[in-house]
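Colleague: Structure for this input, please:
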Amino acid sequence: MAPLFFGLFVLASPAAAQCRLALALALDISSSVDQVEDRLQREGLAAALTSDDVVEAFLAVPGQEVTLAVFEWSGRYQQDVILSWRKMASRSDIFAAAQRIAGSKRNYTEFPTAIGYALGFAAGLFEDAPPCLFQTLDVSGDGRNNEGFGPALAYANFPLGEVTVNGLVIGQGDDDLMGYYEREVIKGPGAFVEEARDFQDFERAMRQKLLRELMVRAVGALHGAGARGG
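Modeller: Residues are numbered from 1 along each chain as shown. Next comes the predicted model:
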C-alpha cells in the first residue's frame, strides 16, 4: 500500500531546501543481541529501506532529498558508523545504501547498553550532517541503559535540541521497555516509539517507522501529544 503524506512542505531557505530531512539510524549491538539477531537487524533494515512504499517516501519531494546515516552502538565507546551521510536522491542511492548495510558486520559483541553515549555519538554525527529542514535520530534497542550516564544527562549536555529522537523497541524481555523509551529516550516534535515483537519482526517495525519518519512535514508543525521537548 502506498504511504500517505500529511502536511504541506514549506521551504525555509535555498540551502535547507535541498535537504528536507537528515535521518540517522542507530542499531543496538550490545551483548544481549546475538549474531543471528544482529544479522536480522541489518538485513531487516536493508529490506525495509528497499520496500516500494519506503522508496516512494524517500523520493516524495523531488529536489528535496533525505540524507541518511547509520551507526551501531553498545558500550561507552563502542559506536561505529556503518553508513556515512549519504543523499537518498534516487532508487539507486537507496539500494546502494541498503547493500552496504546488509553487507556490514558488527565490530563488538560483549559490551553493555549505553544509550546516553549513543546519543552523545549521534550529536557529533549530526554536527557533520548537511543543512536540512529537519533532523531525526532513530534509536533501536532491546534493553534499558545499564552503562554510564543515561539519556537525561545526554540531552542536558549534548547539542541535540533540534533533533527529534524516535525509538524502536525490540522484544518482550522487559515488560515496560516501551514505557522506558517513551519516558526517557524519545524527545521532540511528534516523537514516537515503534515496537517489534522480536528480531524476526524487526523488518516490519522498521518499515512502519521509516514511513512515519519520512512523512512530508510542515515547518513549525505542532508537537505530538506526549512528546518530550528537547
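
Colleague: Please make it C-alpha for all contacts and neighbour counts, starting now.
Modeller: Noted.

Colleague: can you give me the strands for this protein?
Modeller: 19-28, 65-73, 79-88, 134-141, 163-170, 193-196 (DSSP state E).

Colleague: possible to save the ones you listed as JSON lines with mean pLDDT, distance to Asn107 and mean neighbour count?
Modeller: Shown next, in JSON lines, are the strands of the chain (pLDDT from 0 to 100; distance: least, C-alpha to C-alpha, whole Å; neighbours: other C-alpha atoms under 10 Å):
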{"stretch": "strand 19-28", "mean pLDDT": "97", "distance to Asn107": "12", "mean neighbour count": "24"}
{"stretch": "strand 65-73", "mean pLDDT": "97", "distance to Asn107": "9", "mean neighbour count": "23"}
{"stretch": "strand 79-88", "mean pLDDT": "98", "distance to Asn107": "8", "mean neighbour count": "19"}
{"stretch": "strand 134-141", "mean pLDDT": "97", "distance to Asn107": "17", "mean neighbour count": "24"}
{"stretch": "strand 163-170", "mean pLDDT": "97", "distance to Asn107": "20", "mean neighbour count": "25"}
{"stretch": "strand 193-196", "mean pLDDT": "96", "distance to Asn107": "24", "mean neighbour count": "20"}
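
Colleague: Would you format those as CSV with distance to Gln99 included?
Modeller: Formatted as CSV, the strands of the chain follow (distance: least, C-alpha to C-alpha, whole Å):
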stretch, distance to Gln99
strand 19-28, 15
strand 65-73, 13
strand 79-88, 10
strand 134-141, 20
strand 163-170, 22
strand 193-196, 22
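
Colleague: Show me the contact partners of the top helix by length along the chain.
Modeller: Counting by DSSP state H, the longest helix found in the chain is helix 35-49. Here helix 35-49 makes contact (C-alpha atoms under 8 Å, 6 or more residues apart in numbering) with 27, 29, 54-55, 94-95, 97-99, 101-102, 104, 106, 199-200, 202-204, 206-207.

Colleague: All the helices of this protein, in order from the start?
Modeller: Going by DSSP H, the chain shows helices at 14-17, 35-49, 52-58, 91-102, 115-127, 151-157, 177-180, 202-213.

Colleague: Which secondary structure elements does the last one sit against?
Modeller: To tie it back to what came earlier, the one meant is helix 202-213. For helix 202-213, the packing partners by 3 or more C-alpha pairs under 8 Å, 6 or more residues apart in numbering; DSSP states H and E come out as helix 35-49, helix 52-58, strand 163-170, strand 193-196.

Colleague: Done for today, thanks.
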